[in-house]
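S.K.: A predicted structure for the sequence below; I have some questions about it.
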Amino acid sequence: QLQLVESGGGVVQPGGSLRLSCAASGFTVTYYTIGWFRQAPGKEREGVSCMSSSGVSTNTDSVKGRFTISRDNAKNTVYLQMNSLKPEDTAVYYCAASAYGCGYYQGYKYWGQGTQVTVSS
């Protein structure tokens with residue numbers, strides 16, 4: 001059974017940092033595209049960052065230069081390092097796995113339960 005479990009969320013002040021983890025089981029992350037998404041209250045879910053099976057990463061414009069996606073193959077885990085956090089980054093963050101490329105949103109069939117990130121002073 002394919003499963004994704006996120007962790008690492010919390011409350012942080014503006015300008016602070018958090019590292020989210022997405023631990024995979026039942027499959028190997030190097031064979032899948034792993035994406036990070038977020039959904040704020042009253043807003044649609046949006047893609048934040050993505051890493052393809054080949055290791056190529058992309059970020060949405062609003063987080064470029066602040067968020068970094070990475071992968072630890074030995075731990076079968078994908079991370080999202082978030083620096084210089086802003087109040088508008090507040091959302092539930094999800095990781096998801098797809099057998100397709102980063103931009104094909106319909107391909108994300110496996111989702112984690114989400115972790116809350118709150119940026120507030």
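M.R.: Cool, the structure landed. Everything numeric in this text was worked out from a predicted model, so none of it was measured. Residues are numbered from 1 along each chain as shown.
S.K.: and the most centrally placed residue in the chain, helix, strand or coil?
M.R.: The chain has Trp36 as the residue nearest its centroid, 2.5 Å off, counting by C-alpha atoms, centre = their mean. Under the three-state scheme (DSSP: H, G, I helix; E, B strand; the rest coil), Trp36 adopts strand.
S.K.: Ser121 versus that one, what's the distance?
M.R.: Counting by C-beta to C-beta, to the nearest Å, the gap from Trp36 to Ser121 is 24 Å. Every C-beta, even on glycine, is put in place using the N, C-alpha and C of the backbone.
S.K.: give the bridge partners for the residue nearest to the centre of the chain, please.
M.R.: Judged by DSSP bridges, the bridge partners of Trp36 are Ser49, Cys95.
S.K.: just to check, it is in contact with Glu46?
M.R.: No: using C-beta atoms under 8 Å, Trp36 is not in contact with Glu46, being 10.1 Å away.
S.K.: intersection of neighbour lists for the two?
M.R.: With C-beta atoms under 8 Å, 6 or more residues apart in numbering applied, the contact sets of Trp36 and Glu46 do not overlap.
S.K.: near the closest residue in space to Gly8 that isn't next to it in sequence, how many other residues are there?
M.R.: Among residues not flanking Gly8 along the chain, Leu20 sits closest, at 4.2 Å (C-beta to C-beta, 6 or more residues apart in numbering). Neighbourhood size, Leu20 [other C-beta atoms under 10 Å]: 26.
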